[in-house]
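Participant: What would the 3D arrangement of this be:
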Amino acid sequence: MTPERVRELTGWPPEVPDAVLDAHLDLARREVAARVPPALAAHPEALDAVAWLAAASAAPVLHTFALSGAAKVGRLEGAVEWRFLSPAEAEGYAAHCRRQAEACLSRLLSAAGDFRAAGGLFVASV
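Facilitator: All right, here's what the predicted structure looks like:
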């Protein structure tokens, strides 16, 4: 999982530093690893769950540049204007990201449960 995938899912700009997202990705990887069997750690749903959890923990940090009640548009990186979320909006967005991660994990673990219940037999039709 990479910072680019987090940016892709969230719509965050390239100016969000890789170092910030990498720290949150490390935390998210550990959380997902504690909840998902090792054989499923590389599954796309698990990887997206990592990205969403990283976004959930990074969102409040990224939006601390604007204080509560301050202007919501700030300038970073030259003339580019960014709109910062209020603390309540940032927490709401973080909750949205956590729900997305939970949905990924739910789909993954449900499919894994179906696979195990079938005795390891996987049947698909096209």
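Participant: what about the closest residue to Gln100 other than its chain neighbours, how many residues close to it?
Facilitator: Computed as C-beta to C-beta, 6 or more residues apart in numbering, the closest residue to Gln100 that is not its neighbour in sequence is Trp52, at 4.3 Å. (Each C-beta comes from the backbone N, C-alpha and C, glycine too.) Using other C-beta atoms under 10 Å, Trp52 has 25 other residues around it.
Participant: what helix or strand does Trp52 sit in?
Facilitator: helix 44-62 (DSSP states H and E).
Participant: Export that helix to CSV, keeping only CA atoms.
Facilitator: Provided in CSV are the C-alpha atoms of helix 44-62 (Å, rounded to 0.1, in the frame of the first residue of the first chain):
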residue,chain,number,x,y,z
PRO,A,44,-7.2,-6.0,-2.6
GLU,A,45,-9.9,-5.5,0.0
ALA,A,46,-7.3,-5.8,2.8
LEU,A,47,-5.0,-3.3,1.0
ASP,A,48,-7.9,-0.8,0.5
ALA,A,49,-8.8,-1.2,4.2
VAL,A,50,-5.2,-0.2,5.0
ALA,A,51,-5.5,2.9,2.8
TRP,A,52,-8.9,3.9,4.3
LEU,A,53,-7.6,3.4,7.9
ALA,A,54,-4.6,5.5,7.1
ALA,A,55,-6.8,8.2,5.7
ALA,A,56,-9.0,8.0,8.8
SER,A,57,-6.1,8.6,11.1
ALA,A,58,-4.4,11.2,8.9
ALA,A,59,-7.5,13.3,8.2
PRO,A,60,-7.6,15.1,11.6
VAL,A,61,-3.9,15.7,11.5
LEU,A,62,-4.0,17.2,8.0
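Participant: Since that was my last question, I'll sign off now.
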